[in-house]
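> Generate coordinates for the sequence data below:
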Amino acid sequence: MTLLDLLNGAEILAHHGNPQVTGVEYDSRRVKPGDVFVAMRGESSDGNQFVEQAIASGAVAVITDSESTPTQVAWARVAHGRRALATVSANFYDHPAEKLAVTGITGTNGKSTTAFVLESILQAAGRKSALLGTIEYHVAGKVLPAPHTTPEALELQRLFRQTLEAGGTEAVMEVSSHALAQQRTFGIPFDVAVFTNLTRDHLDYHGTMDEYFAAKRILFSDCDARGPRVSVLNVDDEYGLQLKKICKSGASEVITYGISTADFHASRLEVTPRGNCFQLITPDDMIPLSSPLIGRVNVYNILAASAAAYARGCPAEAIANGIARLERVPGRFERVDCGQPFTVVVDYAHTDDALRNLTSLAREFVKQDGGRVITMFGCGGDRDRSKRPLMGEAAGRGSDFVVLTSDNPRSEDPLAIINDAAVGLQRSGAKYAIEPDRRVAIRIAITKARPRDIVLLAGKGHERVQVVGSANLPFDDRQVATEVLRDLGYDCDGVEKGA
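From the prediction side, this is the model:
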């Protein structure tokens, strides 16, 4: 493949030379002889600073979004570095996304669970699919770690190619607002696009809710000139209603979902500590559903996945079977059970809205037995400071006792982060303790529990590291909770065998 073959469809402003290329890289540390190096401006660094390093490693050509071009090798100057990377990546891997039915799921909360439910339905329908998201990637029968919710364009196209080569026909992916704003998904022809909800998050990056919503909207209009074939929208959410108006004016077919009134909605809903049961009302059927996933928030996730599966032509039986089969989603209301007389749950809730949903679900879980809700949480560093007091207030209002701790402090002082959250916690009037050491905080929360209580370890969910400064330190809430319970004398061997 030549450089110009690779650039077919890209916005080229100027170029020089047309050598054969054997690979594509945007990280100069990974460049091999024969590669083309895509040098692009990023959020925190500029790849154009590493052109010389890439050439020294054997790059035969450079694609750049800078005015400055190299003299030693062939080059092409492009209007937009990330769009060029997306186009080049698709060309290099022979456009695998066009040979798959790709479903993209976006929104603040619920993306991961919706993706897992949809994958389970597709499997029940006999489809071979990939899953790409926050928790992990499922590709070609392998479970891979997920460094990003939505991979960079080069990795994304590589994973699509691997899916195709393994006989896959579908891909289910979470699409983050960062990925949309950075155009990692540029040019992907989404067959189905799903919108879950929009609540305050990532304003450190987007600035305002309007800009955050504008990024989410890209999935429904700008990722490909055609837009998605079907848009699946939560019309119980105000932003979902706005999207409905936008999508109705385009070429996309719109399928709505909501708890009580929409194309897909629930009838005879029973939300119990053992799971959810309801009649799924669709445009064509009434499908009895039973799911081990508990809580009203998971009713929304099941409705979204069911509507997306319907759009992909899955029959009613597959929808029911796929939902019934999925017992858990890692780090999403995941129980740590060592036979203790109270419940310990690990959950990814890391926004004020997610904490409200989580504590509300926990309250429903314990109210019949008179148990208490004990919540441990922290806020991430180098992120939107304004949501920290909101998270503190949400945790306090939904809990009987709160342990405020550190999450991923990154470059910030953990105590400064805690102080921001404590303002809202004090406003709630809840009883609380402050412990910056997350491991100790987990111990405090668990030892505070009495029979029939529920302990919520919120914020990190499936994550297995804690980001402190520039270091990723091994840390898993589930593992730490298990260690604490064992120290308290409970039998955790069964938990470890089933993990």
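> from here on, contacts and neighbour counts on C-alpha atoms
OK.
> so residue 452 touches residue 343, yeah?
Yes. With contacts counted by C-alpha atoms under 8 Å, residue 452 reaches residue 343, the gap being 7.1 Å.
> which SS class is the residue nearest the centre of the chain?
By C-alpha atoms, centre = their mean, the chain has its centre lying nearest to residue 134, at 3.9 Å. Put simply, residue 134 is coil when judged by DSSP: H, G, I helix; E, B strand; the rest coil.
> Quick one: neighbours of the residue lying closest to it once chain neighbours are set aside, just the number.
Distances taken as C-alpha to C-alpha, 6 or more residues apart in numbering put residue 149 closest to residue 134, at 4.0 Å, once the chain neighbours are dropped. Residue 149 has 21 neighbours, counted by other C-alpha atoms under 10 Å.
> sorry, back to before: which of residue 452 and residue 343 has more neighbours?
residue 343 (24 against 19).
> For the more buried one, give me its contacts.
335, 336, 337, 452, 453, 454, 455 (C-alpha atoms under 8 Å, 6 or more residues apart in numbering).
> ok, it to residue 272 distance?
15 Å (C-alpha to C-alpha, to the nearest Å).
> Equivalent analysis for residue 78, please.
Relative to residue 272, residue 78 is positioned 56 Å away (C-alpha to C-alpha).
> which one of the two has more residues nearby?
More crowded of residue 78 and residue 272, by other C-alpha under 10 Å: residue 78, with 23 against 16.
> and the closest residue to residue 3 other than its chain neighbours, how far is that from residue 106?
Among residues not flanking residue 3 along the chain, residue 18 sits closest, at 5.2 Å (C-alpha to C-alpha, 6+ apart). In this view, residue 18 and residue 106 are 39 Å apart by C-alpha to C-alpha.
> Check residue 359 too.
Residue 359 sits at a distance of 23 Å from residue 106 (criterion: C-alpha to C-alpha).
> for the stretch 251-400 of the chain, what are the low-confidence residue spans?
Applying pLDDT under 70 to the stretch 251-400 of the chain picks out no residues at all.
> quick one, strands of it?
253-257, 265-272, 275-281, 286-291, 334-335, 343-347, 373-377 (DSSP state E, counting those that start in this stretch).
> I'd like those strands written out as TSV, with distance to residue 467 added.
Formatted as TSV, the strands of the stretch 251-400 of the chain follow (distance: least, C-alpha to C-alpha, whole Å):
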stretch	distance to residue 467
strand 253-257	37
strand 265-272	36
strand 275-281	34
strand 286-291	34
strand 334-335	22
strand 343-347	18
strand 373-377	15
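> Tell me which of those strands is the most buried.
Comparing the strands of the stretch 251-400 of the chain by mean neighbour count (mean count of other C-alpha atoms under 10 Å), strand 373-377 comes out on top with a mean of 27.
> which secondary structure elements does that one contact?
The helices and strands touching strand 373-377, judged by 3 or more C-alpha pairs under 8 Å, 6 or more residues apart in numbering; DSSP states H and E, are helix 352-366, helix 387-398, strand 401-404, helix 438-447, strand 454-458.
> and the shortest one, average pLDDT?
Averaged across strand 401-404, pLDDT comes to 98.
> got it, and the last one?
Strand 454-458 carries an average pLDDT of 98.
> For the helix or strand just after that strand, list every residue counted as buried.
Next in sequence after strand 454-458, counting helices and strands by DSSP states H and E, comes strand 465-468. Residues of strand 465-468 classed as buried by neighbour count (16 or more other C-alpha atoms under 10 Å): 466, 467, 468.
> can those residues go into a markdown table with extra columns for distance to residue 63 and pLDDT?
Below are the buried residues of strand 465-468 laid out as a markdown table (distance: C-alpha to C-alpha, whole Å; pLDDT from 0 to 100):
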| residue | distance to residue 63 | pLDDT |
| --- | --- | --- |
| 466 | 36 | 97 |
| 467 | 33 | 96 |
| 468 | 35 | 97 |
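> which one of the residues you listed is nearest residue 27?
residue 467 (22.1 Å; C-alpha to C-alpha).
> Just give the nearest non-adjacent residue to the closest one, would you?
residue 408 (4.8 Å).
> do the same with residue 26
Nearest to residue 26 is residue 38, by C-alpha to C-alpha, 6+ apart, at 4.7 Å.
> what's the distance between that neighbour and residue 94?
18 Å.
> neighbour-wise, which of the two wins?
residue 38 (28 against 15).
> Surely that one is in a strand?
Yes. Residue 38: assigned to a strand according to three-state DSSP.
> quick one on the thing from earlier: can I get the buried residues of strand 465-468 in a markdown table with distance to residue 140?
Converted to a markdown table, these look like this (distance: C-alpha to C-alpha, whole Å):
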| residue | distance to residue 140 |
| --- | --- |
| 466 | 29 |
| 467 | 30 |
| 468 | 34 |
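> Out of those residues, the closest to residue 11 would be?
When those are compared for distance to residue 11 (C-alpha to C-alpha), residue 467 wins out at 37.8 Å.
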